[in-house]
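> Have a look; sequence and predicted model below, questions after that.
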Amino acid sequence: MRYITAGESHGPELTAIIEGLPAGMPLSVEDINHELARRQVGYGRGGRMLIETDQIQITSGLRHGETLGSPLTLVIENKDWKNWRKVMGIESVPEKQKKMRRVSRPRPGHADLAGGMKYHQQDLRNVLERSSARETALRTAIGAIAKKLLAELGMEVAGHVRILGGIEATIPEAISIQEIKDKAEASDVRVVDTTIEQPIRDLIDETKKNGDTIGGVVEVLVGGVPAGLGSYVQWDKKLDAKIAQAVVSINAFKGAEFGVGFQAGKLHGSEVMDEIAWDKTNGYTRRSNNLGGFEGGMTNGEPIVVRGVMKPIPTLYKPLQSVDIDTKEAYKASVERSDSTAVPAASVVCENVVATVIAQEILDKFSSDSFAELQEAVVSYKEYLKNY
Ligand SMILES: Cc1cc2nc3c(=O)[nH]c(=O)nc-3n(C[C@H](O)[C@H](O)[C@H](O)COP(=O)(O)O)c2cc1C
Ligand SMILES: C=C(O[C@@H]1CC(C(=O)O)=C[C@@H](OP(=O)(O)O)[C@H]1O)C(=O)O
């Protein structure tokens, strides 16, 4: 399964084309809209989310609630477009109009300066429109389809915020993936640990008042994944590496780790490796899941546990020092309407990009022209694993 996304943040709409979904998979607009709505909420977001009500239009690849196996086209309208028609029009316009909302003082941490230099652009809006995380609405929509596919095959995905602006959540050890899902859903900062909800909201308010921003760490868990997805035989077949790429490709994400992750550098082997056990009902199991479900670039049958770190939002209402690209004089960076933090929303994006990579891997491994064929293949593979 492959996909491509298109669309500017303040253009008329966002579009994605997905190819390689099996035919006959049940899918509804509601499945996708639910996920889009989850991405839009979250304490700390700016004014844009009050304008948009992201809704999917499916213009190909679906008939009577089932995929056709042909390319699926997704469209999301940008409601804000009506406020930007003059700035974002596709027709040629007089020089004066071209300068409307021109950006010439690049924001440190955003794509503005590097993008302007690379693409020979003198209006940095031509960079920021596409580098904006508005695009993550589409990746969430694609992930919603992936999640639907995974759910039909008995795999569940949950995501939550572990750290926001330095405030860290404590997670009970025995918590199930379903509980994480439900608890994170019930909170506008998407934390499972209710004791830190208010302190986080207070910190976001304080940060916003100071014209500053905060980042954090999100965690995604995937349960029910069979052992043997991904491979050690070639570097680019390693599934943990593909997931890491997907996580770090989310705007503002700077790193990914699995299981104990970077802590592994401080621990002994005896504290990290997951001891192997076997019983008749479940086949092989592990006594711990320190490696986050991966060995040799392959799933090992334990839940996948992956975390991503998001840097603070680069646009600051109290802007940092920059340089005007016309005069080369020192100026404060430009200020665009912005979020104070988007970590809760990004936890939803993270769930969805991870789900997409796993769905891609499953569609690669098993016969999947039709959904029935895929289901049968997965059931029989799981049975084989149990008897291995
Ligand atoms: C859901 C989400 C919302 C974001 N909102 C903003 C925002 O309002 N303002 C901003 O400057 N950056 C925002 N970002 C981050 C920028 O898109 C990102 O920093 C920028 O594209 C540069 O890419 P990089 O940080 O990955 O290097 C957001 C990111 C995500 C995931
Ligand atoms: C539009 C979204 O996020 C945007 C991501 C973003 C950025 O620079 O990445 C900047 C802001 O855009 P605007 O200036 O239009 O408010 C965010 O709102 C979205 O998540 O759908």
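Noted; the coordinates are in hand. Ligands and ions are numbered 1, 2, ... in the order given.

> Run a quick neighbour tally on the single nearest residue of the stretch 51-200 of the chain relative to ligand 1.
Proximity of the stretch 51-200 of the chain to ligand 1 (CB to the nearest ligand atom) peaks at Ala133, 3.3 Å away. For every residue, glycine as well, the C-beta is placed using N, CA and C. Neighbourhood size, Ala133 [other CB atoms under 10 Å]: 18.

> all numbers from here: first residue = 53
Yes, from this point I'll number from 53; that puts the last item at Ala185.

> That one: what's it in contact with?
Ile302, Asn303, Ala304, Ala394, Ala398, Val401 (CB atoms under 8 Å, 6 or more residues apart in numbering).

> which ones among the residues you listed are found in helices?
Using DSSP state H, the subset of those located in helices is Ala398, Val401.

> Weed out the non-buried ones from the contacts of Ala185.
Using 16 or more other CB atoms under 10 Å as the burial test, the contacts of Ala185 include Ile302, Asn303, Ala304, Ala394, Ala398, Val401 as buried.

> was I right about the first one contacting Thr188?
So the one you mean is Ile302. Yes - at 6.5 Å, Ile302 counts as touching Thr188 under the criterion of CB atoms under 8 Å.

> which stretch of helix or strand covers the residue lying closest to Asp83 once chain neighbours are set aside?
Distance criterion CB to CB, 6 or more residues apart in numbering; nearest residue to Asp83, sequence neighbours excluded, is Lys200 at 5.1 Å. Assigned by DSSP states H and E, Lys200 belongs to helix 188-204.

> partner strands of the next helix or strand after that helix, parallel or antiparallel?
Next helix or strand after helix 188-204 toward the C-terminus (DSSP H and E): strand 208-216. Here strand 208-216 is paired, per DSSP bridges, with strand 219-220 (antiparallel), strand 268-275 (antiparallel).

> what's the most buried one of those?
Highest mean neighbour count among the strands paired with strand 208-216 (mean count of other CB atoms under 10 Å): strand 268-275, with a mean of 24.

> Just checking that strand against ligand 1, any contact.
No - using CB under 6 Å from any ligand atom, strand 268-275 stays clear of ligand 1, coming no nearer than 10.0 Å.

> ok, now how distant is the closest residue to Leu165 other than its chain neighbours from ligand 2?
Distance criterion CB to CB, 6+ apart; nearest residue to Leu165, sequence neighbours excluded, is Pro158 at 3.7 Å. For Pro158, the distance to ligand 2 equals 13 Å [CB to the nearest ligand atom, to the nearest Å].

> Please apply the same query to Val277.
Applying CB to the nearest ligand atom, the value for Val277 to ligand 2 is 28 Å.

> Tell me who's in contact with the closest residue to that residue other than its chain neighbours.
Of all residues beyond its chain neighbours, the one nearest Val277 is Thr351 (5.0 Å), with distances taken as CB to CB, 6+ apart. Counting by CB under 8 Å, 6+ apart, Thr351 touches Val277, Pro278, Ala279, Gly280, Leu281, Gly282, Leu291, Gly345.

> Is there a neighbour count for Met207? I'd like the number.
A total of 23 residues lie near Met207 under the criterion other CB under 10 Å.

> Pop out the phi and psi values for the nearest residue to it once chain neighbours are set aside.
Leaving aside its chain neighbours, Met207 sits nearest to Gly276 (4.1 Å; criterion: CB to CB, 6+ apart). Backbone geometry at Gly276, expressed as degrees, to the nearest 10, gives phi 80, psi 10.

> Could you verify my assumption that Gly276 touches Gly206?
Yes - when contacts are counted by CB under 8 Å, Gly276 is listed as touching Gly206 (4.8 Å).

> what about the residue of the stretch 303-440 of the chain found nearest ligand 2, how many neighbours?
Ranked by CB to the nearest ligand atom, the top residue of the stretch 303-440 of the chain for proximity to ligand 2 is Arg389, at 4.0 Å. Arg389 is flanked by 11 other residues according to other CB under 10 Å.

> what about it, is that helix, strand or coil?
Following DSSP: H, G, I helix; E, B strand; the rest coil, we place Arg389 in the coil state.

> which residues touch it?
Gly98, Gly99, Arg100.

> try 6 Å
Residues counted as contacts of Arg389 (CB atoms under 6 Å, 6 or more residues apart in numbering) are Gly98, Gly99.

> quick one: it from Ala193, how far?
Arg389 sits at a distance of 23 Å from Ala193 (criterion: CB to CB, to the nearest Å).

> what do you get for Leu73?
Distance from Leu73 to Ala193, counting by CB to CB: 13 Å.

> Start and end of stretch 165-178, how far apart?
Start-to-end span of stretch 165-178 (CA to CA, to the nearest Å) is 11 Å.

> what's the overlap in contacts for Ile302 and Thr188?
Val401.

> For Val430, grab the count of nearby residues.
Residues contacting Val430 under the criterion other CB under 10 Å number 20.

> Actually, Gly98.
17.

> is it true that it touches Glu388?
No - Gly98 is beyond contact range of Glu388, at 9.3 Å (criterion: CB atoms under 6 Å).
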